[in-house]
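J.: Sequence and computational prediction follow.
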Amino acid sequence: MPKIKVVLFGGGPACLIAAYHLSEKYDVHIFEKGKRLGRKFLVAGNGGFNLTNEAQGADLQQVYSNHPKLHKALAEFNTSDTRNWLSKIGVETFVGSSGRVFPKKGIKPADVLKRIIKVLEKKGVQIHLNHNFIGFNNNAKPIVKSNENEIVVEAHHYVFGLGGGSWTKTGSNSLWMSSFQEIEVQTLPFRSSNCGIDVIWDREFQEKFGGTPLKNIAISAYEHSYKGEAVVTGYGLEGNAIYPLVPAIREALTKNERAYITIDFKPNSSIEMLQSKVPEVGIKPKNYAYTFNISKAVQQIAKKGLSKADYLNPHKFAASLKTIVVPINGLRPVEQAISTVGGIAMTEIDEQFGLNNYPQISIIGEMLDWDAPTGGFLLQGCFSTGYVVAQKLNEQSNL
Ligand SMILES: Cc1cc2nc3c(=O)[nH]c(=O)nc-3n(C[C@H](O)[C@H](O)[C@H](O)COP(=O)(O)OP(=O)(O)OC[C@H]3O[C@@H](n4cnc5c(N)ncnc54)[C@H](O)[C@@H]3O)c2cc1C
């Protein structure tokens, strides 16, 4: 008996894992508008390539935005499942610092993508590049455009994983939003997540210290605190100690509240320990960097948060290194963010990511309105949602 056809739109990690798990039972087709699959997946590999994280259970779920459907999916296909799947297709992984999971040494991001594509092709998944989803017809059937031809796509089920709103050069350009609005599916505008923050610092400071890393710091805001690092940029600060605070900062900015972070430049030292470094005869600011073992950039940031009298007082300066308040002017634009929130509202989908009003259509990956920090959690969210949809369809095929 010929297999029933399932069409996936988008060639990112969410659709790739769904295609893999569907391919046993279905005739699977991926329609991707670009010339290549997985372009954002490859960009993710440019820095540290966190394929998932070692967190499990409640520890895993609590890093994501509070959506029971997403939490259920994370329980159904968890971080160990991701690692087992990768291992099965020949991509061994290891757990690195702070629980992040990387491909084993020698396996490059492009190798991981090639491996996935090779396995999909072997399993008979048909990949159609340069096929751009452009909207739905009157019967809510998707239309794709390829070489000036518009084709109404006929299939048993449609899975959409068209991505978030950032890094448009990787293909995820959010143009699909209006098509879903036209069939009355609620969408939320994309907003930046895992992004840098804008700080009003003078030009001279930014030119002099732009690119300076601030290592081994702790940053707190709104009752959250994270250790890690940040880097001074031309616009403010960016880095892994900032990203997890972005949702709370975003909320404050949305409510027009005062937004700020507090930096502890010496998380492993108490105020007393820092003050004990001040010699009895006192010291001048020109000796602060050496005395407190801080960079000139840190000294300048601290200076900006202090009155002149406190800056000149070495004991007050020492104490301030634990609590420098940095006012935030805004978040970096969506285009530059590592990920986005917004997209298809979670209320539009059922527990297995089918659209409430169009059960023949499922939505997966970053196209859905959920949030998570970096550290492998974004890809895990894509893998879990992709798997759950495949599993649902596989169960239906047994009926
Ligand atoms: C700089 C950077 C670093 C990152 N690092 C990490 C990391 O280390 N770990 C981690 O977990 N995550 C990381 N991420 C996030 C991760 O890459 C994304 O969350 C993930 O790729 C989203 O997968 P997706 O399948 O939902 O969408 P995408 O990967 O965006 O794929 C969507 C696909 O749909 C296609 N498409 C869009 N519109 C259409 C259309 N109309 N018709 C047909 N096809 C279309 C696009 O061309 C694209 O191929 C990083 C992201 C960035 C930008």
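T.: That came through fine.

J.: shouldn't residue 165 be in contact with residue 341?
T.: No. Counting by CB atoms under 8 Å, residue 165 does not reach residue 341; the two are 9.2 Å apart. Just so you know, the C-beta spots here come from the backbone N, C-alpha and C atoms, and that holds for glycine as well.

J.: Pull up the overlap in contacts between these two.
T.: Common neighbours of residue 165 and residue 341 (criterion: CB atoms under 8 Å, 6 or more residues apart in numbering): residue 190.

J.: Which neighbouring elements make contact with the longest helix anywhere in the chain?
T.: Using DSSP state H, we find that the single longest helix of the chain is helix 377-397. Other helices and strands packing on helix 377-397, by 3 or more CB pairs under 8 Å, 6 or more residues apart in numbering; DSSP states H and E, are helix 13-22, helix 39-44, strand 52-53, helix 68-76, helix 79-88.

J.: now for the first one, which elements pack on it?
T.: Think helix 13-22. Packed against helix 13-22, as judged by 3+ CB pairs under 8 Å, 6+ apart, are the following elements: strand 4-9, strand 26-31, helix 109-122, helix 377-397.

J.: repeat for the shortest one
T.: Other elements packing on strand 52-53 under the criterion 3+ CB pairs under 8 Å, 6+ apart are helix 79-88, strand 100-103, helix 377-397.

J.: With the fourth one instead?
T.: Helix 68-76 is packed against helix 57-61, helix 377-397, with contacts defined by 3+ CB pairs under 8 Å, 6+ apart.

J.: List every C-alpha atom in the last one, with coordinates, as CSV.
T.: Think helix 377-397. Output of helix 377-397 as CSV, limited to C-alpha atoms (Å, rounded to 0.1, in the frame of the first residue of the first chain):
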residue,chain,number,x,y,z
PHE,A,377,17.4,24.8,25.3
LEU,A,378,16.3,26.4,22.1
LEU,A,379,17.2,23.5,19.9
GLN,A,380,15.8,21.1,22.5
GLY,A,381,12.4,23.0,22.3
CYS,A,382,12.5,22.5,18.5
PHE,A,383,13.4,18.8,18.8
SER,A,384,10.7,18.1,21.4
THR,A,385,7.9,19.8,19.5
GLY,A,386,9.0,18.2,16.2
TYR,A,387,9.1,14.8,17.8
VAL,A,388,5.7,15.1,19.5
VAL,A,389,4.0,16.0,16.2
ALA,A,390,5.6,13.0,14.5
GLN,A,391,4.6,10.7,17.3
LYS,A,392,1.0,11.9,17.2
LEU,A,393,0.8,11.2,13.4
ASN,A,394,2.5,7.9,13.9
GLU,A,395,-0.1,6.9,16.5
GLN,A,396,-2.9,8.0,14.1
SER,A,397,-1.5,5.8,11.4
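
J.: Can you tell me which of the helices and strands packed on helix 68-76 is packed in deepest?
T.: A comparison of the helices and strands packed on helix 68-76 by mean neighbour count, using mean count of other CB atoms under 10 Å, puts helix 377-397 on top with a mean of 24.

J.: Let me know the angle separating that helix from helix 68-76.
T.: 90 degrees (axes from the mean of the first three to the mean of the last three CA atoms, to 10 degrees).
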